[in-house]
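S.K.: quick one, fold the following:
(2 chains)
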Amino acid sequence: MAERKVRVRFAPSPTGALHIGGVRTALYNYLFARQHGGEMVFRIEDTDSNRFVPGAEEYILESFRWLGIHFDEGVSFGGDHGPYRQSERREIYKKYVDQLLEEGKAYIAFDTPEELDKKREEIPNFQYDAKTRHLMRNSLTLPKEEVQALIDGGTQYVVRFLIEPGQDVHVDDIIRGDVKINSSILDDKVLYKSADCLPTYHLANIVDDHLMEISHVIRGEEWLPSAPLHVLLYRAFGWEDTMPRFAHLPLLLKPDGKGKLSKRDGDRLGFPVFPLEWHDPKTGDVSSGYRESGYLPEAVINFLALLGWNPGTDQEILSMDDLIAQFDLTKCSKSGARFDYVKGQWFNREYILATDNEKLVPEFAKILSENGINETPERLAAVIGMMKMKKINFIHELWPLCDFFFIRPEYSMDDKFTRKNWKEGAAAEMQELVALLEGLDDFSVESQKAVVDVWTETGDKRPWNPWRVCLVGTGKGPDMYELAAFLGKEETLARMRAAIEKL
RNA sequence: GGCGCUUUCGUCUAUCGGCUAGGACACAUGCCUCUCACGCAUGGAAGACGGGUUCGAUUCCCGUAGGCGCUACCA
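M.R.: All right, here's what the predicted structure looks like:
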């Protein structure tokens, strides 16, 4: 087969926030496209008008902007294969549905949803297929004139795909190899609804992928059972030679328990399942997002990329460029991956450690101002530098660990560290230190060190802990010299005097 | 129920017939140390089960069991 330009697509339904599993699917598509110098299309699959949710499309777009996943064409990006919203492609689908009808590869069915429900109750395991379609009200069983009369009379109908039973259909999946299923277990899928003049997913999907020249369909495993149907559709249209290659990705599972990852799991266990915070316009519910929870987009990308794929080496910290270079669909795992959000937090920590302090300032400043603290970016960057290696996964976790930088501590013997380290003689020792430091004009780490070194012969005899009590009020914080330098001479001495007096 | 996919430490995974089964997260211990940390070191922890094939199976094949998905005029 001739080499084809790699073109992939991500085609969500605008029915709400973008699920994190969808993000991973989009990411894999993106990595694959970039690696092969191909293109990625953003298509909106809004063929179910009942489920449309306003704002969802913009939300999805904004999510990808934040994550750094770029599309080459599609809704809001333009391109030569538009329109990219399925609801705007009615005439296109109609044409192909008519073609199938004319060629006898599909038929018209008048059975109402209620009638179908009834049949399903009457007949166990009822399926609309070769065995049952002769019992139903459709263009195969009704006289031509009656069919025409019903249509002319405005009776609503659907178009169903006529499936030939008894043939083995093969799907060549990049991840799973040859998957074979017999067409007899497939039902005559509804391809088109007269009610809204729109196709269903299956038809729209095949027509669009063909017209948009999609070379590879990379999607979730939940589509594997309908892949044979899609193969049959390509065949019915005579497009089998340009049919895309399929790759069905393993699903993301609950961190605990059974089943696939859902929004509820996030609420229950305290982690986001959406990239951005989502305000449901119908229910008014607010769901947390990775962005608002303090994740760096690079960390989210890295974490998701490794859920179901790995480069086969011990390297786990991978930038987008690393991922593009190393990604390999054939190395994707076949089984579902439990969503290990604790490891996701670890990735965030790693990326915080690797990020310039200056870049972390805005987020830090936000948390501080919520606590009534306003400082210059330079001083905030300095605090981040002294504190970010503490046990934190998120910048906002820094606040309770570093409040003393900005607020004079309350001194109390109720504090365990104070009780342990503020012994007899501590006050006198601190008095001496105050006197020593008072003489300094330059309060830098080096200059403090110079005088304190003279005061005590050896480093380990210095009254570190009482001094920490003075400046921090408890057993936490950075190196004492650095802290004192940050606070400045005036504040440092003030805190020491306050502690001496209070304790 | 039917159909399909799947099955290595608690979790994510490496292994493409030779294994003392490797790494990471989490957990525990120790070292370092002016506190909390970081860092470093160490430790426990896995091949669902039963048959084959083979000199040799975690690796290949077949069953069984478990897990997951699909089974809509939703995607």
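S.K.: and stretch A:71-82, average pLDDT?
M.R.: For stretch A:71-82, the mean pLDDT works out to 94.
S.K.: centre of the chain versus it, how much separation?
M.R.: 22 Å (CA atoms, centre = their mean, to the nearest Å).
S.K.: can it be found next to RNA strand B?
M.R.: No: judged by CB under 7 Å from any atom of the strand, stretch A:71-82 stays clear of RNA strand B, getting no closer than 13.5 Å. Just so you know, the C-beta spots here come from the backbone N, C-alpha and C atoms, and that holds for glycine as well.
S.K.: contacts for that stretch next, please.
M.R.: Residues outside stretch A:71-82 that contact it (CB atoms under 8 Å, 6 or more residues apart in numbering): A:9-10, A:33, A:39-44, A:57, A:61, A:64, A:84-85, A:211-213.
S.K.: now, which of these lie within strands?
M.R.: A:9-10, A:39-42 (DSSP state E).
S.K.: if I look at the closest residue to residue A:14 other than its chain neighbours, how far off is RNA strand B?
M.R.: Once flanking residues are discounted, residue A:14 sits nearest to residue A:56: 3.8 Å by CB to CB, 6 or more residues apart in numbering. Computed with CB to the nearest atom of the strand, to the nearest Å, the distance linking residue A:56 and RNA strand B is 11 Å.
S.K.: can you give the domain ranges for chain A?
M.R.: Chain A breaks down by automatic domain parsing into domains covering A:7-77+A:209-253, A:90-199, A:263-352, A:356-405, A:416-502.
S.K.: which of those domains is buried the deepest?
M.R.: Among the domains of chain A, domain A:7-77+A:209-253 has the highest mean neighbour count (mean count of other CB atoms under 10 Å), at a mean of 20.
S.K.: RNA strand B contacts on the stretch 351-500 of chain A?
M.R.: Listed as neighbours of RNA strand B in the stretch 351-500 of chain A under the rule CB under 7 Å from any atom of the strand: A:389-391, A:417, A:459-460, A:462, A:464-465, A:467-468, A:472, A:475-481.
S.K.: lowest-confidence helix or strand of chain A?
M.R.: helix A:445-455 (a mean of 83; mean pLDDT, DSSP states H and E).
S.K.: just checking, next helix/strand downstream of that one?
M.R.: The helix or strand immediately downstream of helix A:445-455 is helix A:464-472, counting by DSSP states H and E.
S.K.: who are the packing partners of that next one?
M.R.: Applying 3 or more CB pairs under 8 Å, 6 or more residues apart in numbering; DSSP states H and E, we find helix A:464-472 packed against helix A:416-421, helix A:426-438, helix A:480-502.
S.K.: mean pLDDT for those - can I get that in JSON lines?
M.R.: Putting these into JSON lines (pLDDT from 0 to 100) gives the following:
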{"stretch": "helix A:416-421", "mean pLDDT": "91"}
{"stretch": "helix A:426-438", "mean pLDDT": "89"}
{"stretch": "helix A:480-502", "mean pLDDT": "94"}
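S.K.: got the contact list for the residue nearest to residue A:199 when sequence neighbours are not counted?
M.R.: Once flanking residues are discounted, residue A:199 sits nearest to residue A:93: 4.3 Å by CB to CB, 6+ apart. Neighbour list for residue A:93: A:86, A:192, A:198-199, A:203-204, A:207 [criterion: CB under 8 Å, 6+ apart].
S.K.: just the element for residue A:93, please.
M.R.: Residue-wise, residue A:93 maps onto helix A:90-102 under DSSP H and E.
S.K.: how far away is residue A:423 from residue A:225?
M.R.: Separation of residue A:423 from residue A:225 (CB to CB, to the nearest Å) stands at 73 Å.
S.K.: surely residue A:24 is in a helix?
M.R.: Yes: secondary structure assignment places residue A:24 in a helix (DSSP: H, G, I helix; E, B strand; the rest coil).
S.K.: isn't it right next to residue A:306, touching?
M.R.: No: using CB atoms under 8 Å, residue A:24 makes no contact with residue A:306, being 10.0 Å away.
S.K.: show the contacting residues for residue A:174.
M.R.: A:216, A:245-247, A:329-330.
S.K.: show me those that map onto strands.
M.R.: Per DSSP E, the subset of these in strands is A:216, A:245-247.
S.K.: and stretch A:283-300, how far apart are its ends?
M.R.: 27 Å (CA to CA, to the nearest Å).
S.K.: identify all contacting residues around that stretch.
M.R.: A:17, A:20, A:23, A:66-68, A:263, A:266-267, A:271-280, A:319-320, A:344, A:347-348, A:350-352, A:355, A:363, A:394-396.
S.K.: pLDDT (mean, whole number) over that stretch?
M.R.: According to the model, stretch A:283-300 has a mean pLDDT of 95.
S.K.: what does stretch A:379-386 give?
M.R.: Per-region confidence: stretch A:379-386 scores 96 on mean pLDDT.
S.K.: can I get that stretch in PDB, CA atoms only?
M.R.: What follows is stretch A:379-386, C-alpha atoms only, in PDB (Å, rounded to 0.1, in the frame of the first residue of the first chain):
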ATOM      1  CA  ARG A 379      10.800  38.100  47.400                       C
ATOM      2  CA  LEU A 380       8.200  35.500  46.500                       C
ATOM      3  CA  ALA A 381      10.600  33.800  44.100                       C
ATOM      4  CA  ALA A 382      13.200  33.800  46.900                       C
ATOM      5  CA  VAL A 383      10.700  32.100  49.300                       C
ATOM      6  CA  ILE A 384       9.800  29.500  46.600                       C
ATOM      7  CA  GLY A 385      13.500  28.800  46.100                       C
ATOM      8  CA  MET A 386      14.000  28.200  49.800                       C
END
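S.K.: next, the residues that contact it from outside, please.
M.R.: Residues outside stretch A:379-386 that contact it (CB under 8 Å, 6+ apart): A:357-358, A:360-361, A:364-365, A:368, A:395, A:398, A:402, A:405, A:478-479, A:482-483, A:486.
S.K.: how does it look with 6 Å?
M.R.: A:357-358, A:360-361, A:364-365, A:402, A:405, A:478, A:482 (CB atoms under 6 Å, 6 or more residues apart in numbering).
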